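Student: Fold the stuff below for me.
(one chain, ligands or ions: 1)
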Amino acid sequence: MIESVSDGRRVLIIGAGISGLSAAWFLRRRGCQVRVLEAEPRVGGSIATERRDGFLVELGPNTTLQRPGREEDAIGRLVSQLGLDDRLLEANPAGKKRFVLRNGRLQALPGSPPAFLATALFSWRAKLRLLREPFIGRGKTEETIAEFVERRLGREFLDYAVDPFVSGVYAGTPRELSARAAVPRIHEIESRYGSLIRGAIALGKAAKGAGMPAGRQISFDEGMAVLPEAIAAKLPEDSVATGHRVTAIEPSSGGWEIAWTRADGGQGRERGDSVVIALPAAATADLIAPLSEAAALALRGIDHAPIVTMGLGYARAQIAHPLDGFGFLVPRPEGMRSLGGLFSSTLFPGRAPEDHVLITGFIGGTTDREAVALGDEEVFGRLAADLAAALGIEGDPVFRSLTRYEAAIPQYTLGHLDRVEEIDRALDDHAGLFLRASWRDGISVADCVRNGEKLAERVVLSYK
Ligand SMILES: Cc1cc2nc3c(=O)[nH]c(=O)nc-3n(C[C@H](O)[C@H](O)[C@H](O)COP(=O)(O)OP(=O)(O)OC[C@H]3O[C@@H](n4cnc5c(N)ncnc54)[C@H](O)[C@@H]3O)c2cc1C
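Tutor: All right, here's what the predicted structure looks like:
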């Protein structure tokens, strides 16, 4: 039975990824009744953790960035409300160091001006080019990240700092992603300060003056899956129905009705005052098409990158590199197929048995779509060879885990913000219908939680 709340409106939420579950949690805190329907047998969507043979492997996100500030830190509020503070882990400070491959060798990304001058990651020409940055004017039209970075910082920064970062976060390419949509905070610095360097100095001073802590990378003792599982467990009984695939939504006497099917052939319909669709763009388009062909078309224009993630475990003694960092990224000009590897067991404790280490590697993305179709042995072989070359590894891994995503990470390409606006406009006259997932307003787990909290406010306001 769903616990009754006197002022409780009933909100149907489709999808139990972190977007749907966060929305459900914050709606429930605001007195709504919630009912979350999830197609898969488990909650969490892209967030999934596997524990096997003494290793704890993330199949999706390994960590998320908790930012300071009242609005940004919805994930901090969520963690506390769920009573998870003592299960939260902050990444090892060594994780501040990030490596990038250049000429086949790992180079640490410089973290200070002297380190920047000394690094072999960038040539002297690239370093001198940076002196021009404060004098370059603002962009006039919407630019890709590549156009934005090349204009402000030069080609080498694009290839050896930004391109690998974009592959690592979006599994995409800066040549397609929109600077305004995909890296809004950096784009905003140009708009406000006219220069990234001047902006970084001003922001650094302001943060120091306010005594603000920097953001921190977080996870949980038993991995990222702790978060969605805790939400599902703490919502009232019967709030979350796994194994229920929603096949249709339609307006119904001032509210919304949805139809679902189960794997055992069971079918049903449920009614709510509002409905939140918290699904990837293509799945959202399927449900929306009967209501608005225009919205469905715009949603289908939002691509999701394919990716293969792998956990590889080794005995510590097999690896020459100290693994003293977050991980490493591979710029495309290096000609290595893997996108990079995270040093998972350096970041958080309990990820590998004693005297062993765990590395999480990635292959695929929008520049290598064929990778998801490769056989298991081929991808494992490819990644193991790339890790061996970059980190000096002897012998085979002692542990392997592989996950394929056909459509994992939404691509905020040129025109993305216009597409999102078009979707909202096309659905404007459908009161009580809300779309909330990582294809809009930020892809990180922390973004999804923040947006889930904001959405709860909007839904409640719509009842006033
Ligand atoms: C491999 C990978 C690595 C990542 N790494 C990081 C990282 O390190 N840090 C970070 O912050 N973020 C990372 N992300 C991004 C972040 O994990 C995702 O953006 C976020 O988890 C997406 O959550 P969501 O709820 O919007 O969507 P999803 O997690 O996709 O959830 C959607 C849910 O809807 C369900 N569903 C689909 N169709 C239906 C239907 N018809 N009826 C009912 N249910 C349905 C799905 O089964 C799924 O559970 C990563 C993502 C991936 C894939």
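
Student: and the residue nearest to Tyr170 when sequence neighbours are not counted, what does it touch?
Tutor: Excluding the flanking residues, the one nearest Tyr170 by CB to CB, 6 or more residues apart in numbering is Ile409, at 5.6 Å. (C-beta placed from N, C-alpha, C; glycine too.) Each residue near Ile409 by CB atoms under 8 Å, 6 or more residues apart in numbering is listed here: Tyr170, Ala171, Gly172, His304, Ala305, Ile307, Ser438, Ile443.

Student: among the residues you listed, which are within reach of the ligand?
Tutor: Ile307, Ser438, Ile443 (CB under 6 Å from any ligand atom).

Student: quick one on the thing from earlier: can you classify the residue nearest to Tyr170 by secondary structure?
Tutor: Using DSSP: H, G, I helix; E, B strand; the rest coil, the secondary structure recorded for Ile409 is strand.

Student: Check the burial of Ala315 by counting its neighbours.
Tutor: Neighbours of Ala315 under the rule other CB atoms under 10 Å: 15.

Student: can you pull up the bridge partners for it?
Tutor: His356 (DSSP bridges).

Student: related to what we said a few turns ago, any idea what the residue nearest to Tyr170 is bridged to?
Tutor: Note on Ile409: beta-bridge partners by DSSP bridges are Ala305.

Student: And it, how far from the ligand?
Tutor: Ile409 sits at a distance of 5 Å from the ligand (criterion: CB to the nearest ligand atom, to the nearest Å).

Student: for Arg102, same thing?
Tutor: 23 Å.

Student: And for that residue, nearest residue in space, chain neighbours not counted?
Tutor: Leu121 (5.5 Å).

Student: for Phe380, same thing?
Tutor: Arg400 (5.8 Å).

Student: Quick check: next helix or strand after the strand or helix carrying the one you found?
Tutor: Assigned by DSSP states H and E, Arg400 belongs to strand 399-410. With elements assigned by DSSP H and E, the helix or strand that comes after strand 399-410 is helix 416-426.

Student: Now do that following helix: distance to the chain's middle.
Tutor: 21 Å (CA atoms, centre = their mean, to the nearest Å).

Student: what pLDDT does Ser344 get?
Tutor: pLDDT, Ser344: 98.

Student: that older thread, so the residue nearest to Arg102, which state does it fall into?
Tutor: Quick answer, by three-state DSSP: Leu121 is coil.

Student: what's the neighbour count on the residue nearest to Phe380?
Tutor: Residue neighbour count, defined by other CB under 10 Å, stands at 17 for Arg400.

Student: Tell me which residues touch it, please.
Tutor: Here Arg400 is in contact with Met310, Gly311, Leu312, Gly313, Phe380 (criterion: CB under 8 Å, 6+ apart).

Student: so of the residues you listed, which ones are in helices?
Tutor: Phe380 (DSSP state H).

Student: from the ones next to the ligand among the contacts of Ile409, which is closest to the ligand?
Tutor: Checking those against the ligand by CB to the nearest ligand atom gives Ser438 as the nearest, at 3.4 Å.

Student: I figured the closest one was touching Ala446, is that so?
Tutor: No: applying CB atoms under 8 Å, one finds Ser438 not in contact with Ala446, separated by 11.2 Å.

Student: hang on, the earlier thing: what inclination does the strand holding Arg400 have with respect to helix 416-426?
Tutor: Going by axes from the mean of the first three to the mean of the last three CA atoms, to 10 degrees, strand 399-410 is angled at 60 degrees with respect to helix 416-426.

Student: buried residues in strand 399-410?
Tutor: Neighbour-count burial for strand 399-410, counted by 16 or more other CB atoms under 10 Å, picks out Phe399, Arg400, Ser401, Leu402, Thr403, Arg404, Tyr405, Ala408, Ile409, Pro410.

Student: Least confident of those residues?
Tutor: Ala408 (92).

Student: distance of the residue of the stretch 251-400 of the chain found nearest the ligand from Gly325?
Tutor: Nearest residue of the stretch 251-400 of the chain to the ligand: Ala283, at 4.1 Å (CB to the nearest ligand atom). Per CB to CB, to the nearest Å, Ala283 is found 36 Å from Gly325.

Student: now do Ile307
Tutor: 22 Å.

Student: higher neighbour count, these two?
Tutor: Set Ile307 next to Gly325 and count neighbours by other CB under 10 Å: Ile307 wins out with 26 against 21.

Student: doesn't Thr367 make contact with that one?
Tutor: No: between Ile307 and Thr367 there is no contact under CB under 8 Å: 11.2 Å.

Student: With adjacent residues omitted, what lies nearest to Gly432?
Tutor: Nearest residue to Gly432, sequence neighbours excluded (CB to CB, 6+ apart): Ser274, at 4.2 Å.

Student: Could you list the low-confidence segments of the stretch 1-150 of the chain?
Tutor: Within the stretch 1-150 of the chain, the segments meeting pLDDT under 70 span 1-7.

Student: from what I can see Ala263 touches Thr242, true?
Tutor: No: in this structure, Ala263 is not within contact of Thr242 by CB under 8 Å, at 10.3 Å.

Student: Look at those two and report which has more neighbours.
Tutor: With neighbours defined as other CB under 10 Å, Ala263 and Thr242 compare such that Thr242 has more, 15 against 11.

Student: Now do the helix ranked longest in the chain: which elements does it pack against?
Tutor: Under DSSP H, the helix in the chain containing the largest number of residues is helix 445-462. Helix 445-462 sits against helix 18-29, strand 64-66, helix 74-81, strand 274-277, strand 433-435, with contacts defined as 3 or more CB pairs under 8 Å, 6 or more residues apart in numbering; DSSP states H and E.

Student: Flag every buried residue along it.
Tutor: For helix 445-462, by 16+ other CB under 10 Å, it's 445-456, 459-460.

Student: can you list the residues of the stretch 101-250 of the chain near the ligand?
Tutor: Arg245, Val246.

Student: so where does whatever residue of the stretch 101-250 of the chain ends up closest to the ligand fall, helix or strand?
Tutor: Nearest residue of the stretch 101-250 of the chain to the ligand: Val246, at 3.8 Å (CB to the nearest ligand atom). Applying DSSP H and E as the criterion places Val246 in strand 244-252.

Student: I'd like the next helix or strand past that strand.
Tutor: strand 255-262.

Student: report the angle between the axes of that following strand and strand 244-252?
Tutor: Between the axes of strand 255-262 and strand 244-252, defined by the same axes, to 10 degrees, the angle is 160 degrees.

Student: so what secondary structure elements neighbour strand 255-262?
Tutor: strand 10-14, strand 244-252, strand 267-272, strand 274-277.

Student: closest one to Gly154 among these?
Tutor: Of all the helices and strands packed on strand 255-262, strand 274-277 sits nearest to Gly154, with 42.1 Å by CB to CB.

Student: What residues does Pro174 make contact with?
Tutor: Thr144, Ile145, Ala146, Val149, Leu158, Val162, Asp163, Val166.

Student: a strand runs through it, doesn't it?
Tutor: No: applying three-state DSSP, one finds Pro174 to be coil, outside a strand.

Student: Now the residue of the stretch 101-250 of the chain closest to the ligand: closest residue in space, sequence neighbours ignored.
Tutor: Leaving aside its sequence neighbours, Val246 sits nearest to Ile14 (CB to CB, 6+ apart; 4.7 Å).
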